[in-house]
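Engineer: Everything below, folded, please.
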Amino acid sequence: MAEGRMRQFKHKGKDEAELRRKRTEEMVELRKTKRNDALAKRRQVPELEDGDAFDLGGGDDLQSPAHSLGIPSTSNVLTSVSKGIVSGDFNTQLNAVVAIRRLLSTNNRSSTYEEVLKYGYLPILVQLLERNDQPMLQYEAAWCLTNIASGTSDQTMAIVNNGAIGPLITLIGATPHLSTQALWTLGNIAGDSTMLRDFVINSGILVPLVGCVSASPAISLRHLRLVSWVMSNLCRYNQPSPPVDAVLALLPVMMVLICHEDVEVCKDVCWSLSFLSDGHGDDMLVKAVIESGIVHRLVQMLAKESSAILVPALRAVGNLATGTEAQTQLVLDNGALAFFPKLLESREERVKKEASWALSNITAGTPAQIEAVAKAHLLPILIQVFDKSEFVTRREAAWAIANFAIAGLPQQLEYFLAGGGLPVLCDLLVFRDNQVVKVALNAILAILRGSGELFEQLANAFEECGAIVILEQLQQHENSAIADMAAAMIDEFFSGDDVVEQMGPVAGAAQYEFGLAGGLPTDFPIS
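Structural biologist: Modelled structure (predicted):
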């Protein structure tokens, strides 16, 4: 009975590819947001940070020469530096580049970046990257390029087309100031697209990038944060995924950095792992992540207090749980469930949402994996999350609860019902999300078909919580799939006086499919 039920309700038209949901829409939205706070794909350099400027002597820094030029408007500044930027005099040329840098830092709009390109200053700035005899010029030029690379894709491509990648990679091995600024620019470029990500990788960034970490503890924290952020942009995107060889070179570095005490460093490593473990990408990358041994350290990140770490760590753990049953089991074997009570009760709504989503992919697993969720006492907490959270979090909790009912064995369904799962399913029938309504209908179908001698008791319970009335109303739902599901369920279970005689699956029902004449469906598509 149990095995047959699993075949009938989970593996026929509704397997892991549907119950275990990838974050397709959410990730596409995040990747299209150029300045998303969570991912920080591109970063601009602010006007001046402590320790950023070189010392020119006498206590002055690079602010002084720029102030002497004045910044009345973009066009005036760019016109005033036309001779100075090509001057053979060091101070004159430096003043001109600083003026451009200050303009880009204070008027950080793509229109300003475009004006710099129109004046023809980009090739000159790229050439200055190779002035090894004048590191201050190199630094200021790289700073200018960093901000331009935070603009549009066309502006970023203009930097690449002018040959900046090679000199920037060379500067990674230079002084700390030059190295950090070069990394900043390269990170912006790599974060633009899959093409530029791969171009930066193929141009040779990996060896000097890994070398920065090897230099630890001599490397500064600011430098290390940039390294981890650049790595996250090198791992970003999955159509196509980053080269496997590049990932294999970066994973040992991630093994080291994920244990770092700094929140920013750990956060970016966790984002890297979330990108690599995304099942929409290359399965070889998921295999590489698993074989690196980093999963245990990743799971330990779920004990952190900072939501900046918890969100990407949960995303990575949830991505692994969307994979094969073995990958889900790896997550469980590394003790992930022990952290979920605290995560689901977090005051941070986005942490609760990510935890509920990750758990929904575990409750779509094997009976043994669902049993592990039950033994961790997570179902009652999920029900509380559903009752008290915001809509987006309730939706994720709804999936986790419904998946528990769909994939669970009879004894697990008894636990589900005793724990108050039935009223939740009734609530889901009127949820403001058609996908959730469909999965709730599937869950109710699974419970009724697996109820056996408890069918009459369950039918009465459904009637008491108003589910039958709701099913009747759903027959007029604007979504035809939902209307058909509700009508079919009423016909199968609640259509006459002989309902009790029809308990359990209808004989031969496994042959039926939606849209085919000859009988009722045994399963409803989730999408």
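
Engineer: helix/strand/coil for residue 142?
Structural biologist: Residue 142 falls in the helix class when you classify it by DSSP: H, G, I helix; E, B strand; the rest coil.

Engineer: Could I get the contacting residues of the closest residue to it other than its chain neighbours?
Structural biologist: Among residues not flanking residue 142 along the chain, residue 181 sits closest, at 4.1 Å (C-beta to C-beta, 6 or more residues apart in numbering). (Each C-beta comes from the backbone N, C-alpha and C, glycine too.) Taking C-beta atoms under 8 Å, 6 or more residues apart in numbering, we find residue 181 in contact with 45, 139, 142, 143, 146, 171.

Engineer: all helices for the stretch 301-450 of the chain, in order.
Structural biologist: Ranges of helices in the stretch 301-450 of the chain, per DSSP state H, counting those that start in this stretch, are 307-321, 325-333, 340-344, 349-362, 367-375, 379-388, 391-407, 410-418, 421-428, 434-449.

Engineer: before we move on, back to that, most neighbours, which of the contacts of residue 181?
Structural biologist: residue 142 (30 neighbours; other C-beta atoms under 10 Å).

Engineer: pLDDT value on the residue nearest to residue 142, please?
Structural biologist: On pLDDT, residue 181 comes in at 96.

Engineer: next SSE after the strand or helix carrying it?
Structural biologist: According to DSSP states H and E, residue 181 maps onto helix 176-190. Downstream of helix 176-190, the next assigned helix or strand under DSSP H and E is helix 194-202.

Engineer: so that next one versus helix 176-190, what angle?
Structural biologist: Orientation check (axes from the mean of the first three to the mean of the last three C-alpha atoms, to 10 degrees): helix 194-202 against helix 176-190 gives 140 degrees.

Engineer: Tell me how far helix 194-202 lies from the chain's centre.
Structural biologist: Distance of helix 194-202 from its chain centroid, counting by C-alpha atoms, centre = their mean, to the nearest Å, is 20 Å.

Engineer: mind listing what residue 275 touches?
Structural biologist: Taking C-beta under 8 Å, 6+ apart as the contact definition, residue 275 lies against 232, 235, 236, 237, 238, 281.

Engineer: Make TSV from those and add pLDDT, secondary structure and distance to residue 448 to it.
Structural biologist: Below are the contacts of residue 275 laid out as TSV (pLDDT from 0 to 100; DSSP: H, G, I helix; E, B strand; the rest coil; distance: C-beta to C-beta, whole Å):
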residue	pLDDT	secondary structure	distance to residue 448
232	96	helix	47
235	95	helix	45
236	93	coil	45
237	88	coil	44
238	83	coil	39
281	57	coil	38
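
Engineer: Now tabulate the residues you listed in TSV and tack on neighbour count.
Structural biologist: Putting the contacts of residue 275 into TSV (neighbours: other C-beta atoms under 10 Å) gives the following:
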residue	neighbour count
232	26
235	29
236	24
237	23
238	18
281	19
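
Engineer: Those residues into a markdown table, with extra columns for distance to residue 474?
Structural biologist: Converted to a markdown table, these look like this (distance: C-beta to C-beta, whole Å):
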| residue | distance to residue 474 |
| --- | --- |
| 232 | 44 |
| 235 | 43 |
| 236 | 41 |
| 237 | 40 |
| 238 | 37 |
| 281 | 37 |
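
Engineer: Output the below-cut-off pLDDT ranges for this protein.
Structural biologist: Within the chain, the ranges that satisfy pLDDT under 70 run 1-72, 215-217, 279-281, 496-527.

Engineer: switch to 80 and redo it
Structural biologist: Applying pLDDT under 80 to the chain picks out residues 1-72, 107-108, 215-218, 279-282, 408, 451-454, 495-527.

Engineer: Which stretches in it count as strands?
Structural biologist: Shown for the chain, no strands are assigned by DSSP state E.

Engineer: Next, count neighbours for residue 218.
Structural biologist: Residue 218: 9 neighbours (other C-beta under 10 Å).

Engineer: Roughly how far does residue 465 sit from residue 145?
Structural biologist: 63 Å (C-beta to C-beta, to the nearest Å).

Engineer: who's more crowded, the two?
Structural biologist: Shown here are residue 465 and residue 145; by other C-beta under 10 Å, residue 145 has more neighbours (30 against 17).

Engineer: and that one, what does it touch?
Structural biologist: 125, 126, 129, 159, 164, 168, 185.

Engineer: Please tabulate those residues in a markdown table, including the columns distance to residue 301 and neighbour count.
Structural biologist: Listed next are the contacts of residue 145 as a markdown table, based on distance: C-beta to C-beta, whole Å; neighbours: other C-beta atoms under 10 Å:
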| residue | distance to residue 301 | neighbour count |
| --- | --- | --- |
| 125 | 40 | 24 |
| 126 | 39 | 24 |
| 129 | 37 | 24 |
| 159 | 35 | 26 |
| 164 | 35 | 26 |
| 168 | 31 | 28 |
| 185 | 29 | 29 |
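
Engineer: Great, nothing more from me.
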